[in-house]
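Chemist: Sequence first, then the predicted structure, then my questions.
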Amino acid sequence: MASYVELLAEDPQRVRQALERLIEHQVAHLKELEETLEGYKVVLDEHILRTLIFRNAFGATADTLTAETDTEEASKPVTETMRQHERETQVLAAYREALAQIEAGLDLESLGKLPVGELAE
């Protein structure tokens, strides 16, 4: 009796459809991340401006220090979301490459493997 993976490998149309769905899901996920990132950036922009104004208007005060700390905290979700977006973009590229590999006739065992020349880069 053939394994599920072997049965899937024998049906390129199912493989193609599954990869296309993965790509659609990943694109939607990236869009959600971009929307989240924009919200974080709005908050960070406000904190940066507040800090600049406090520095210029009041100098080195406790309020300025608090504003600086708030800005540092507001930057963390921006940085993390940008990192996550970069990683998820790489995942999308891998899914697209896998689809191209299937369309080129490669087998399931080859999916996601980079040619030797690309590994060195």
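Modeler: In hand now; what should we look at?
Chemist: Count the residues that sit near A94.
Modeler: 15 (other C-beta atoms under 10 Å). Where you see a C-beta, it was placed from the backbone N, CA and C, and this is true even at glycine.
Chemist: now I102
Modeler: So I102, with other C-beta under 10 Å, has 19 neighbours.
Chemist: measure it to L108 for me?
Modeler: Per C-beta to C-beta, to the nearest Å, I102 is found 8 Å from L108.
Chemist: and what of A18?
Modeler: A18 is 11 Å from L108, by C-beta to C-beta.
Chemist: And the residue nearest the centre of this structure?
Modeler: Geometric centre of the chain, nearest residue: H85, 2.3 Å, by C-alpha atoms, centre = their mean.
Chemist: Just to check, that one is in contact with E34?
Modeler: Yes: between H85 and E34 there is a contact under C-beta atoms under 8 Å: 6.9 Å.
Chemist: burial of the nearest residue to the residue nearest to the centre of the chain once chain neighbours are set aside, as a residue count?
Modeler: Excluding its sequence neighbours, the residue lying closest to H85 (C-beta to C-beta, 6 or more residues apart in numbering) is L33, at 4.8 Å. L33 has 18 neighbours, counted by other C-beta under 10 Å.
Chemist: where's L33, which helix or strand?
Modeler: In this assignment (DSSP states H and E), L33 forms part of helix 12-58.
Chemist: Cheers, nothing more for now.
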